[in-house]
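**Student:** Fold the following and give me the result.
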Amino acid sequence: HTAKKYFSSHYQQEVRTVSTMSSEQIATSIANTIAYDQVYASAQITNENIQPILEAATLESCHEALKAAWGNQKPRLFISAHDSFNVATDDIADVYDYSRRIEVLPPVDEGIPTFAYTDFGPKGALIEENYIEDLDLTLTRFANGVRYNFKQTDFEANNIQINLRVGSGRLAQSQKTPGLDYLANYGLLSGGLGKHDSNEMGDILNGHVIRLNFGVTFDAFVFSANCAPRELTLTLQTLTAILTDSAYRPSAMRAARSGYGSLYESLNSNPGGPIFSLAPRVMARGDTRFGVPNYATVYSRTLKELQEWIEPAFENGPIEVSIVGDVDFSTATEALAQTLGALPPREERDNDEADLVTIPAADHNAVIRPVDAKLGQVGVAYYWPVHEIEDVHLERRLSLLGRVVEDRLRKRVREEFGAAYSVTT
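**Tutor:** Sure thing, here's the model as predicted:
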């Protein structure tokens, strides 16, 4: 039932959003069908064909299809692990043999739990509202201090984008706990909520068109979400529940440590790995909050440290939420008033916090770090300061300048000299 619900919802959403599908997406879809010797079909036709198949599917028929696809060949095991684990082939074989002797019991169907986070108190009220005519957007503030930015667009049919910024992010991190931001990035959402673990949340959100991500940035904890208009209230309820009742279960640590392996494997197999890891710290005068610490340091971080760092921001930190997409102002405002707007008063943002990070004077001596000789490549990066970015107009001009420089470098370094394939600024 769970799988049926997921796929049925997915194909129905494809039909709802196809009217604003970009030319690039359409062209890519057509090219893929040609490459794989398939027949191109519209979202409407695909949905009409797939729904009867989903309806007729049973556990038995799916099991038979799996057995037919699996065949009688011997299984192959693929293991990915960090070098420090020292995993031997015999160890893998022993664990696999042991696992084959353990009886696998069918899961108990306990049904889908009722979402427990729908009431956050009396709904909030807007106390400020400023319409910016030339940009066609509305900047507002709730009585509890939550800042709310809104813009209705028709660029993507049946889709809403939400950006939620909370607290001060890496600026509020202690230099005594380097790597804590990586534990947050990889583990926070996997800890679930106080009344629902991550598996239950997966069941609750299954079939709903909601995508949710979390990351720690320089100056905020940032949640980004995409949802269908009909899912806006549930999405905001979920975000508010995370702020008010995050759980720091062992599953969060397991998910984080699983992600660490992929991170360090990527850094070690890329000539630019040391640049990505070390340059931000060098540019911040050795501030350990920036860059990527060594594996042992990140691995030593604890859930207790994470909770002590992140909870004060979730409970009292400044909040700014932006909603853009296929929804009107009154609908979005009502959903926010019942969720983030209903929270207790929030602190004001301290705009002077960025001053705590200083850029060192230019050092003309190159910072050199060795990489695995087997890569047969080197990575090179140049950094130089720019004027303080005081407003969005200067930021856009600098971004455009970067694009111009990148294009010129590409033509010289890649096309004329053939010295490098990837050149970015």
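**Student:** how about stretch 156-174: buried residues?
**Tutor:** Within stretch 156-174, the residues that count as buried by 16 or more other C-beta atoms under 10 Å are 156, 158-162, 164-173. In this view, the C-beta of every residue, glycine as well, is placed from N, C-alpha and C.
**Student:** mind checking how far Thr297 is from Gln307?
**Tutor:** 19 Å (C-beta to C-beta, to the nearest Å).
**Student:** Lys5 now?
**Tutor:** From Lys5 to Gln307 the distance is 33 Å (C-beta to C-beta).
**Student:** Can you tell me the element Val321 falls in?
**Tutor:** Val321 belongs to strand 319-325 when assigned by DSSP states H and E.
**Student:** Any chance you could list what contacts that strand?
**Tutor:** 145-153, 155-156, 159-166, 220, 229, 232, 332, 336, 340, 343, 346, 349 (C-beta atoms under 8 Å, 6 or more residues apart in numbering).
**Student:** Show only the entries of the residues you listed found in helices.
**Tutor:** Taking DSSP state H as the definition of helices, the contacts of strand 319-325 contribute 232, 332, 336.
**Student:** wait, which of those residues is closest to Ala361?
**Tutor:** Leu336 (45.5 Å; C-beta to C-beta).
**Student:** ok, residues contacting stretch 209-216?
**Tutor:** By C-beta under 8 Å, 6+ apart, stretch 209-216 touches 9, 13, 169-170, 173, 181, 184-185, 188-189, 221-228, 231, 234-235, 238-239.
**Student:** try 6 Å this time
**Tutor:** 13, 169-170, 181, 184-185, 188-189, 222-228, 231, 235 (C-beta atoms under 6 Å, 6 or more residues apart in numbering).
**Student:** average model confidence for the strand holding Val321?
**Tutor:** The pLDDT scores in strand 319-325 average 98.
**Student:** Each with direction, which strands does that strand pair with?
**Tutor:** If you go by DSSP bridges, strand 319-325 pairs up with strand 147-152 (parallel), strand 160-166 (antiparallel).
**Student:** right, and these - which one's nearest Leu105?
**Tutor:** Here strand 160-166 is closest among those (C-beta to C-beta), at 39.6 Å.
**Student:** Alpha carbons of that closest one, in PDB - could you do that?
**Tutor:** Provided in PDB are the C-alpha atoms of strand 160-166 (Å, rounded to 0.1, in the frame of the first residue of the first chain):
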ATOM      1  CA  ILE A 160       5.800  26.100  -3.900                       C
ATOM      2  CA  GLN A 161       9.400  26.800  -2.700                       C
ATOM      3  CA  ILE A 162      10.000  27.500   1.000                       C
ATOM      4  CA  ASN A 163      13.300  28.800   2.500                       C
ATOM      5  CA  LEU A 164      13.500  29.000   6.300                       C
ATOM      6  CA  ARG A 165      16.500  30.600   8.000                       C
ATOM      7  CA  VAL A 166      16.900  30.200  11.700                       C
END
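**Student:** ok, residues contacting it?
**Tutor:** 220-227, 229, 232, 239, 313, 317, 319-325, 327.
**Student:** The helix or strand following that strand: how far from the chain's middle?
**Tutor:** Next in sequence after strand 160-166, counting helices and strands by DSSP H and E, comes helix 180-187. Chain-centre distance of helix 180-187: 12 Å, with C-alpha atoms, centre = their mean, to the nearest Å.
**Student:** what's the following helix or strand after helix 180-187?
**Tutor:** helix 198-205.
**Student:** thinking again about what came up before, would you turn the strands paired with strand 319-325 into CSV with distance to Glu55 and mean pLDDT?
**Tutor:** Shown next, in CSV, are the strands paired with strand 319-325 (distance: least, C-beta to C-beta, whole Å; pLDDT from 0 to 100):
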stretch, distance to Glu55, mean pLDDT
strand 147-152, 36, 98
strand 160-166, 29, 98
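**Student:** Out of the ones you listed, flag the one nearest Pro274.
**Tutor:** Using C-beta to C-beta, these put strand 160-166 closest to Pro274, at 30.4 Å.
**Student:** which residue ranges form the strands in the stretch 1-150 of the chain?
**Tutor:** Counting by DSSP state E, counting those that start in this stretch, one finds strands in the stretch 1-150 of the chain at the ranges 126-132, 137-142, 147-152.
**Student:** Return the alpha-carbon coordinates of the last one using PDB.
**Tutor:** Right, the one you point to is strand 147-152. The C-alpha coordinates for strand 147-152 follow below in PDB (Å, rounded to 0.1, in the frame of the first residue of the first chain):
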ATOM      1  CA  ARG A 147      10.000  37.800   9.200                       C
ATOM      2  CA  TYR A 148       8.000  36.600   6.200                       C
ATOM      3  CA  ASN A 149       8.700  37.300   2.500                       C
ATOM      4  CA  PHE A 150       6.200  36.300  -0.200                       C
ATOM      5  CA  LYS A 151       6.100  36.300  -4.000                       C
ATOM      6  CA  GLN A 152       3.500  34.600  -6.100                       C
END
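**Student:** That strand vs strand 126-132, what angle?
**Tutor:** Inter-element angle recorded for strand 147-152 and strand 126-132: 40 degrees (by axes from the mean of the first three to the mean of the last three C-alpha atoms, to 10 degrees).
**Student:** start the count at 5, not 1, going forward
**Tutor:** That works, and once the first residue is 5, the last one we named lands at strand 151-156.
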